[in-house]
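>>> after the sequence you'll find the predicted model.
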Amino acid sequence: MDYATFKRTAPALGGLRTREGAGPWPVRRRLGRLARAAGPYLAATLLVLVTGVVVHALAPIAWVPHISVLFLGCVLAAAVPWGVGPSLLAVLLAMAASAFFFFPPIHSFMVDHPQDLVDLSAFGILAIVLSQQTARIRRQAAEARTRERRISDLYAFSRRIAGLVDREELGHAILDGLRSTFGSPLALIKLTEDGDRYVIKDPGAATTPVILAAADRMLENGPSVHELVEEGDVARHLYPLRTGERAVAVLVAPDASTAESVARSGLDVSALLDHAAVAIELGRLARSLEAARVQARADELREVLVNSVSHDLKTPLTSIIGSVTALKEFWQRYDETVRIDLVDTIYEEAIRLGHVVGNALDLARLRSGEMTVRREATEMADVVNAAIADVSRVAPGRTIDVDMPDDLPMLEIDPFLAERALVQILENATKYSPAETPVTVVARSTASAVTVEVSDAGIGFAPEEAVQVFERFYRGAGDDSATAGAGLGLTIARAFVGANGGTIEAASPGRGRGATFRVAYPVSASVSERGVA
Amino acid sequence: MSSEPNAIVLVVDDEPQIRRFLKAGLSAHGYGVVEAPTGEAALKLATTTRPDLVVLDLGLPDMEGFHVIAGLREWSSVPIVVLTVRGREVDKVRALDGGVDDYVTKPFGMAELLARIGALLRRSRPAKSATTFTVGGLEVDLERRLVRVDGTERRLSRKQYDLLRLLVRDAGKVVTQQHLLRELWGPANSEDVQYLRIFMRKLRLAIEPDPTRPTYLVTELGVGYRLRTQDQLPEPA
């Protein structure tokens, strides 16, 4: 990334400084900064002075022959923690102190002996070289430390955002990782898979139309440089997040207060942004893979539906056409029994066909959302009787036992939806249980609802399938494909019961042990036996 | 099931296949059949052929079946049976309130249609002087306002009896709940279906062998009630 463009921001930086200096706090901050900068020089000075004074004071007791060795120590001591400036000051002070305290004439900066002058010069050169070298080593160590920290920061950042697929989650993780470098509040502007703009931002981050327009330009043209957007007296920095030639997102950072830190950290910034860009691209890829999987599943379901419905339509049609052509061509040859048998087949299969078509229509109503619910005072007994009458036409001769008290509370529901739902449940029960076993219907009233339970002695289902049985096209593990029905009946039932304000649930003690479907409609408070003799 | 000889039935349906099978089925039972593919043709044919009964599909291409009903009812009280589809219960109520005598939901069996037609034709003949109505074990003596079940007299409240009487008057036909409400409680209460449900529950308790699974007074879900006639009773299991 080319940070030369920061030059363009210089006037803005100046302006911001001015604004910052308006209050009392910045003044104090500047004094603090001054104190921090002056400290090492003061310390170096003290170090040399104290050494000089102590050695001078001790001179009558213990004469130190080579004072310059001690002063070299001082220079070293200043160079290691404080760097080149304070240590050079220490060199100058040490030379002055040597001349003043130790080289005759004492207590004068004059130096009498040429030999002392050579000593002093040698000390000065040696001390300066030492100070430079020490400072260089110190700087390198500091740089190594910083590099290490930055690499570990980067590593932590990329670990935090790697593997996040959810757009929102990933966006916030990226913002969290970038905030320490770019300041806050931040905003991230991305393009969705459909080309819409998608913005994730910290609280308080402004994404004005001007910023959005600039971001759009960036996303479109994929420039490699960052851009400053000024709007009134607010400036925002826009950084492109790029993978290869393409900008996948734009980071909106606050104005110049952080621009300096961004500039200082140099290459690390582009590494951070590149990592974020890669994570965004990976997330996008993961999402499109997921979408492809979902699409594949939908295609699979559609195929199942088409197969199932065409099976349900073709089977009765085949029987009907077969029987009819037989009757038409061989009428004379067949005796009464055969004719009646064929005609019965035609009748039963035609009724079955009618039900398949009816289900398809119910499903179409569900899908188009044109299902209107017309509530009226309804006796559950009427609904149950109508449903049983209907089912008896498809499953003639099937025993359906009914247990229904004659004082069930009145309901305020749509009787047809309730009846259609119950028909689906009854059909399901007759379909998945042996013909010789009875299906039972038990209606009861509880404190707040009227319940209808339909039980069969059929194939049942495993406890974990209790919710799945209502899913579209779901057929139990124990189902053989010869059973007619597109696996839509219970889905229709659930939708109709739900639209009617009721609930439906399924229970089974296990595979092969029968099933119970329980529908409950709430008893509305408004429907009570008021004022009727 | 006895057919009414020489009766003319006007079949109004735009689907030729349906007209064809209705014609075959009705002719086999001794009815004369006149066909009309459109509402306009139906209204014309009705004036020229003077049918004894009309079978009318509500879903016609040229005009709504309701307009045909209204057109016929302007000058004729000929019995009308409409053919409707499932899920259009509102249409049934509207047709019944518009003067239609009965309906059959598609797909329907020939036997079902013949039973409705037979019942309507018998009713439309000059009124019998009989003052008692009998179906199964139920006997209603309209003159003496007595109700017996299996020979035993049942006491009904005045409103219960009124309700039964209304259904007896149109026995075999669906009577809409709105019609019953209007007749029993006046036009102001025609929306309060709940009253009717409660009275029907009490009436069934009084005369039905199993009130939760009625034999005589059957509910046409969301439309109304029908008092079955003898030939509408289910065959004993």
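Now that the structure is in, tell me what you want to look at. Numbers count the residues shown, from 1 in each chain, chains lettered A, B, ... in the order given.

>>> grab the nearest non-local neighbour of the residue of chain B found nearest chain A.
Residue nearest to chain A within chain B: residue B:194 (3.7 Å; CB to the nearest CB). No exception for glycine: its C-beta is placed from N, CA and C like everyone else's. Sequence neighbours aside, residue A:377 is the residue nearest to residue B:194 in space, at 3.7 Å (criterion: CB to CB, 6 or more residues apart in numbering or on different chains).

>>> so what pLDDT did the one you found get?
As predicted, residue A:377 sits at a pLDDT of 91.

>>> contacting residues for it?
For residue A:377, the contacting residues are A:410-412, A:527, B:193-194, B:197, by CB atoms under 8 Å, 6 or more residues apart in numbering or on different chains.

>>> so which of these are in strands?
When these are checked against strands (DSSP state E), the matches are A:411-412.

>>> what pairs with the residue lying farthest from the centre of chain B across the strands?
Distance from the centre of chain B peaks at residue B:152, with 28.6 Å (CA atoms, centre = their mean). Beta bridges link residue B:152 to residue B:149 when assigned by DSSP bridges.

>>> before we move on, back to that, and the residue of chain B closest to chain A, how close does it get to residue A:421?
According to CB to CB, to the nearest Å, residue B:194 stands 22 Å off from residue A:421.

>>> returning to what we had before: now the contacts of residue A:377 as CSV including pLDDT, neighbour count and distance to residue A:454?
Output for the contacts of residue A:377, formatted as CSV (pLDDT from 0 to 100; neighbours: other CB atoms under 10 Å in any protein chain shown; distance: CB to CB, whole Å):
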residue, pLDDT, neighbour count, distance to residue A:454
A:410, 91, 22, 21
A:411, 93, 26, 17
A:412, 92, 19, 22
A:527, 50, 18, 24
B:193, 88, 20, 26
B:194, 88, 20, 27
B:197, 92, 21, 23
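
>>> packing partners for the helix or strand hosting residue B:206?
Assessed by DSSP states H and E, residue B:206 sits inside helix B:193-207. Packing contacts for helix B:193-207, counted by 3 or more CB pairs under 8 Å, 6 or more residues apart in numbering or on different chains; DSSP states H and E, involve strand A:376-378, strand B:146-149, helix B:158-169, helix B:177-185, strand B:217-220.

>>> contacts for it?
Applying CB under 8 Å, 6+ apart, the contact partners of helix B:193-207 are A:376-379, A:406, A:410, A:527, A:529, A:532, B:138, B:147, B:149, B:154-157, B:159-160, B:163-164, B:177, B:180-181, B:184-185, B:189, B:211, B:214, B:216-217, B:219, B:225.

>>> try it again at 7 Å.
With CB atoms under 7 Å, 6 or more residues apart in numbering or on different chains as the test, helix B:193-207 has contacts from A:376-377, A:379, A:406, A:410, A:527, A:529, A:532, B:138, B:147, B:149, B:154, B:156, B:159-160, B:163-164, B:177, B:180-181, B:185, B:189, B:211, B:214, B:216-217, B:225.

>>> now the buried members of those.
Neighbour counting with 16 or more other CB atoms under 10 Å in any protein chain shown marks A:376-377, A:379, A:410, A:527, B:138, B:147, B:149, B:154, B:156, B:159-160, B:163-164, B:177, B:180-181, B:211, B:214, B:216-217, B:225 as buried within these.

>>> about what we covered before: which one of the helices and strands packed on helix B:193-207 lies nearest to residue A:507?
strand A:376-378 (25.4 Å; CB to CB).

>>> what strands line up against that closest one, and which way round?
Strand A:376-378 pairs in its sheet with strand A:411-413 (antiparallel), by DSSP bridges.

>>> hey, C-alpha coordinates of the helix or strand just after the partner strand in PDB?
Sequence-wise, the next helix or strand downstream of strand A:411-413 (DSSP H and E) is helix A:415-431. Below are the C-alpha coordinates for helix A:415-431, written out as PDB (Å, rounded to 0.1, in the frame of the first residue of the first chain):
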ATOM      1  CA  PRO A 415     -64.700 -25.500  10.400                       C
ATOM      2  CA  PHE A 416     -63.400 -26.300   6.900                       C
ATOM      3  CA  LEU A 417     -59.700 -25.800   7.800                       C
ATOM      4  CA  ALA A 418     -60.300 -27.900  10.900                       C
ATOM      5  CA  GLU A 419     -62.000 -30.600   8.800                       C
ATOM      6  CA  ARG A 420     -59.300 -30.600   6.100                       C
ATOM      7  CA  ALA A 421     -56.600 -30.900   8.800                       C
ATOM      8  CA  LEU A 422     -58.300 -33.700  10.500                       C
ATOM      9  CA  VAL A 423     -58.900 -35.500   7.200                       C
ATOM     10  CA  GLN A 424     -55.200 -35.400   6.500                       C
ATOM     11  CA  ILE A 425     -54.400 -36.800   9.900                       C
ATOM     12  CA  LEU A 426     -57.000 -39.600   9.600                       C
ATOM     13  CA  GLU A 427     -55.700 -40.400   6.100                       C
ATOM     14  CA  ASN A 428     -52.200 -40.500   7.400                       C
ATOM     15  CA  ALA A 429     -53.300 -42.900  10.200                       C
ATOM     16  CA  THR A 430     -55.200 -45.200   7.800                       C
ATOM     17  CA  LYS A 431     -52.300 -45.200   5.400                       C
END
